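> pasting a predicted model and its sequence here:
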Amino acid sequence: MMTVAAARQLRDGIACFVGIGLPSTAANLARATHAPNLVLVYESGCLGAKPDRLPLSIGDGVLADTADAVVSVPEVFNYWLQPGRIDVGFLGAAQLDRYGNLNTTVVGDDYATPAVRLPGAGGAPEIAASCREVVVIVRQNPRTFTARVDFVTSVGYGTGPGDRERLGLRGGGPRLVITDLGVLEPDPVSCELTLTRLHPGVSREQARAATGWDLAVAEPLTTNEPPTADELAVLRALRATAEGSRP
Amino acid sequence: MMTVAAARQLRDGIACFVGIGLPSTAANLARATHAPNLVLVYESGCLGAKPDRLPLSIGDGVLADTADAVVSVPEVFNYWLQPGRIDVGFLGAAQLDRYGNLNTTVVGDDYATPAVRLPGAGGAPEIAASCREVVVIVRQNPRTFTARVDFVTSVGYGTGPGDRERLGLRGGGPRLVITDLGVLEPDPVSCELTLTRLHPGVSREQARAATGWDLAVAEPLTTNEPPTADELAVLRALRATAEGSRP
Amino acid sequence: MATLVPLAQAVAELVRDGDVVALEGFTHLIPFAAGHEIIRQRRQELTLVRMTPDVIYDQLIGAGCARRLVFSWGGNPGVGSLHRFRDAVQHSWPRPLELEEHSHAGMANRYVAGASGLPFAVLRGYTGTDLPRHTANVRSVDCPFTGETLTAVAALRPDVTVVHAQRADRAGNVQLWGITGVQKEAVLAARRSLVTVEEVVPELTPVPGQVVLPGWAVTAVAEVPGGAHPSYAQGYSVRDNDFYRAWDAVSRDRDTFRAWLDRHVHRAGAAA
Amino acid sequence: MATLVPLAQAVAELVRDGDVVALEGFTHLIPFAAGHEIIRQRRQELTLVRMTPDVIYDQLIGAGCARRLVFSWGGNPGVGSLHRFRDAVQHSWPRPLELEEHSHAGMANRYVAGASGLPFAVLRGYTGTDLPRHTANVRSVDCPFTGETLTAVAALRPDVTVVHAQRADRAGNVQLWGITGVQKEAVLAARRSLVTVEEVVPELTPVPGQVVLPGWAVTAVAEVPGGAHPSYAQGYSVRDNDFYRAWDAVSRDRDTFRAWLDRHVHRAGAAA
């Protein structure tokens, strides 16, 4: 459902900066259903990749083979991401706070001796800064949805309204957080992430219990349409191409 | 003779930044005679061009067709010239002073209303700054060899010893000035251009009379070997390929 | 997604009086046909930007389209001077021409900064020359790590960049190869862009040395076979060196130039 | 001009204890064989630099070659964590590992600055994150034209960069294509460079999407067919995804890892 909900967010014809895993699956699902002209940009330098199977890594050969252009890594960041040419950036996180700030670096209070060492920043800080909007895809539980992230790897709305402008971040910031329970959106005034939609069969109490802060809930709170038969069929077919990679 | 003298300066295997006209002819003469592994770099982005005929312009198709690599114009300046990877840069000029500073911008006292508007800087300022050494090829007469250039387009030794270091210029500066009368080299102490060699049949008085300042002369003053039959034959053959372009 | 439109319409829509206009192409792939269309539509007060203003800018300047020229080398490559350019600078004919001049390295980096969404670029350049005295767009910047002083150049952001390429597909993806110069940067630095191409093809077969500009990064594409003449399009045509040599005589005299312009640009367009 | 030498000799001559060493290759063309040779030659106290330290750096770190890691994303792409990397950071095994971490954009620009002979590069990045607190190589710089504050990153200048490519000719000209990542910049930023190639051919036939590194910009070339395995060389091999998945189990346990290293690196080399 996370993947389907994410795919539905992608309008046809926009340019989308894609990481591997769920974002790549969602983007390719969108391309195979309602958004055939979606432009997939991978940080490996593949612009307009049109993979016919799910790549296991962002450097998979199928991305270069099917791209409109393959450019260097400095170029993809400097000429394509940085000037704001990308409409939507997809990000995941190990921790996220109420303002959509993301941590993919370390879990624990001390950076030098972390409880868990995570992979680090990758392209995320500049994707979060420069894409016109950001969609976060992350499973919702109190460990991940935390009042304070241990490390700010990528900035959402900082400490609240006006922070992005003060920092000179030119992209719009997180527009949606899609979880396994529902969808959160920033409050237009406070920038605080607010539960706006639930997936079918999920209750607001479940979502609040899975959040490490006092989660605001929109009124009315709506429920997402369940995946259509077509979406599920395409998704299954896509995953079957991925050579046993994790969903 | 200028062309032959310039070609002789190019050791085999070095990388040489070439402009069109005499420098290109000289570099290709060298490649066709004693320096088959000379690397020709053109500011159009052609690295290691091996033209079989003289190109009329630095963007001639034969340069791209025969190059080891064709790179963008920003790249040729940023990755190849600027870091000091080029051994020798060839430059011409409309005016040159005793410290080898060059003018290719305007003749006349007032920049805004010049007596003669010249083409401008092109790649010259950074060639003069960054190549390990510079060879200037220019016809010698009092109008060109002037006590003060009307505009410093490219820096030689500035106002004298230590100036290049003070300005942060990392290349070595003009090592040779090759004219239709002979060869000038900077004095190792004063940096002032000094007549060190004459072409056959030219007198030191002719050279001094063709110079707009009191030209220093080295002792002993030697005379260049005349062009060999082989050099002349290759040069004629090269020029015949240039579709009637000027020598 | 780039739209495929006729050249006249593209110029009418994208190039406006007073615009900062860059026509790029480093000796190769110079967008002559688009330049002629700008002359035919009698654009005025343009700031013309180009690393190597050569014959096409000599024509635009002589036709009176330009108020200002931003450049790094202005000449007829392999031949000599640009007489219309010199006449404008030295005698204000047909109108005064303001100049802002740079080195190639400076111009290239100004486009790089523009393409990168940065307000400036850093280089080793200009130091000790008289160039920075005559422009506000060259300054110095200190390295925050070493303290070393380097040169900063201001980003170039043309209102519109025009380039010529070999091919495009129907989605407006553009493919060029051979000497590709600064075209990618000039297009990406601009607010709007127009690419004239030798041909529109169903599919862009990959070519060694190619640069591909995705259609979503280009505003408009116009099919103009031979649109780079007298420069050339590698794989399609060779440089018309005779034209460049002949231009010297045509452009020396104002009347000869005007007659040439009338016959080969204004009336050529009217017939088309 | 690059010299053609056997891999063991190239590593012996070019990679020294205590060096700053960059092995680059963005998922594609990762120089595994060269990394294994560094392990076999038991290099110590290296500062390892790489945008995406993945399995090859997990092996180098687990083997105890590294004192310090400079990177932007450390993981097993598409699989999960790097257990040797985590063990070194979290438990100092087999020795403590200092970290300096950046974003991809920052690392890429640090190489660009190194390749360009500049002490720093400018970008929009890092702002508001906790990354700059933990490194001295990220600072701010003010635009001398607009006054805007931007981010500066210090140039990377590795002592030696190692990359893998598809082909070289006998003059040491190197050709790579497909995803070419940051390899050109990493080679040009380094004081010395080693390129392992799938094959040495008499002539480099041009290929679409190619990057060519002229032999005079490369120190040494070593022919190592399959030298990128388990990553891949487009046109020669496909990525061994099973190896990456299997690495997760191999690397979780110190003894399993040591046994693997002994068998597949140390003894493999001795037999060769």
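Structure's in. What do you need?

> confirm that C:E13 sits in a helix.
Yes: secondary structure of C:E13 (DSSP: H, G, I helix; E, B strand; the rest coil): part of a helix.

> I'd say it and C:A222 touch.
No: if you go by C-beta atoms under 8 Å, C:E13 and C:A222 don't touch, sitting 10.7 Å apart. C-beta here means a position set from N, CA and C on the backbone, and glycine is covered the same way.

> touching both of the two, which residues are there?
C:V5 (C-beta atoms under 8 Å, 6 or more residues apart in numbering or on different chains).

> of the two, who's got more company?
Using other C-beta atoms under 10 Å in any protein chain shown, the more surrounded residue of C:E13 and C:A222 is C:A222, with 28 against 15.

> what element comes up after the helix or strand in which C:A88 is found heading to the C-terminus?
Element membership for C:A88, per DSSP states H and E: helix C:83-91. Going down the chain from helix C:83-91, the next helix or strand is strand C:98-101, by DSSP H and E.

> find me the pLDDT at the closest residue to chain C within chain A, would you?
At 3.0 Å from chain C, A:P83 is the closest residue in chain A, using C-beta to the nearest C-beta. Looking at A:P83, its pLDDT is 98.

> again with A:R246
Predicted confidence (pLDDT) for A:R246: 39.

> repeat for A:L238
Predicted confidence (pLDDT) for A:L238: 87.

> what's the neighbour count on C:M1?
C:M1 sits with 15 neighbouring residues when counted by other C-beta under 10 Å.

> ok, the nearest residue to it once chain neighbours are set aside - contacts?
Once flanking residues are discounted, C:M1 sits nearest to C:G215: 5.1 Å by C-beta to C-beta, 6 or more residues apart in numbering or on different chains. Going by C-beta under 8 Å, 6+ apart, C:G215 touches A:68, C:1-2, C:168-169, C:171-174, C:221.

> just those residues now: which is nearest chain B?
Nearest member of the contacts of C:G215 to chain B, counting by C-beta to the nearest C-beta, is C:V174, at 15.3 Å.

> most neighbours among the contacts of C:G215, please name it.
C:V174 (30 neighbours).

> how many neighbours does the residue nearest to that residue when sequence neighbours are not counted have?
Nearest-residue entry for C:V174: C:L213, 4.2 Å, with adjacent residues in sequence omitted and distances by C-beta to C-beta, 6+ apart. Burial of C:L213 is recorded as 26 neighbouring residues (other C-beta under 10 Å).

> surely C:L213 touches C:N173?
Yes: here C:L213 reaches C:N173: they are 7.1 Å apart, a contact under C-beta under 8 Å.

> so where's the stretch 51-200 of chain C shaky on pLDDT?
Counting by pLDDT under 70, not a single residue of the stretch 51-200 of chain C qualifies.

> nearest to chain A: which residue in it?
C:G117 (3.0 Å).

> give the burial count for that residue, as a bare number.
C:G117: 22 neighbours (other C-beta under 10 Å).

> ok, C:R68 next?
Neighbours of C:R68 using other C-beta under 10 Å come to 15.

> which SS class is it?
Of the three states, C:R68 takes strand according to three-state DSSP.

> do you know how far it is from B:D230?
Here the criterion is C-beta to C-beta, to the nearest Å. By it, C:R68 lies 52 Å from B:D230.

> before we move on, the earlier item: buried set for the helix holding C:A88?
For helix C:83-91, the neighbour count (16 or more other C-beta atoms under 10 Å in any protein chain shown) marks C:83-90 as buried.

> from these, pick the one nearest A:T104.
C:F85 (55.2 Å; C-beta to C-beta).

> and the closest one, what does it touch?
B:117, C:53, C:57-58, C:61, C:69, C:74, C:97.

> skipping its backbone neighbours, what lies nearest the closest residue to chain B within chain C in space?
Closest to chain B within chain C is C:T27: 2.1 Å, counting by C-beta to the nearest C-beta. Spatial nearest neighbour of C:T27, chain neighbours left out: B:G59 (2.1 Å); criterion: C-beta to C-beta, 6+ apart.

> now, the contacts of C:G215 that are in strands?
Under the assignment DSSP state E, these contribute C:168, C:174, C:221 to strands.

> and which of the buried residues of helix C:83-91 is nearest A:L54?
Nearest to A:L54 among the buried residues of helix C:83-91, with distances taken as C-beta to C-beta, is C:F85, at 56.6 Å.

> pretty sure A:V234 contacts A:L29?
Yes: contact criterion C-beta under 8 Å: A:V234 and A:L29 qualify, at 6.0 Å.

> which of those two has more neighbours?
A:L29 (26 against 20).

> my guess is that one contacts A:A7. True?
Yes: assessed by C-beta under 8 Å, A:L29 is found in contact with A:A7 at 4.0 Å.

> contacts only, for the residue nearest to C:V174.
Neighbour list for C:L213: A:69, C:165, C:173-174, C:176, C:184, C:187, C:195 [criterion: C-beta under 8 Å, 6+ apart].

> going by distance to C:T127, which of these wins?
Closest approach between the contacts of C:L213 and C:T127, by C-beta to C-beta: C:K184, at 27.7 Å.

> which residues touch the residue nearest to C:T27?
B:44, C:26-28, C:77, C:179, C:181, C:231.

> confidence score at it?
With respect to pLDDT, B:G59 has a value of 76.

> from D:P77, how far out is the residue in chain A that chain D sits nearest to?
Using C-beta to the nearest C-beta, A:G59 is the residue of chain A that sits closest to chain D, at 2.1 Å. According to C-beta to C-beta, A:G59 and D:P77 sit 7 Å apart.

> okay, and the common contacts of these two?
The contact lists of A:G59 and D:P77 share D:T27, where a contact means C-beta under 8 Å, 6+ apart.

> helix, strand, or coil at A:R148?
Applying three-state DSSP: A:R148 is coil.

> number of residues surrounding the residue nearest to C:N137 when sequence neighbours are not counted?
Nearest non-adjacent residue to C:N137, counting by C-beta to C-beta, 6+ apart: C:A154, 4.1 Å away. For C:A154, the neighbour count with other C-beta under 10 Å is 22.

> which ones are touching C:L82?
Contacts of C:L82 by C-beta under 8 Å, 6+ apart are B:119, C:53-55, C:57-58, C:61, C:74-76, C:251.
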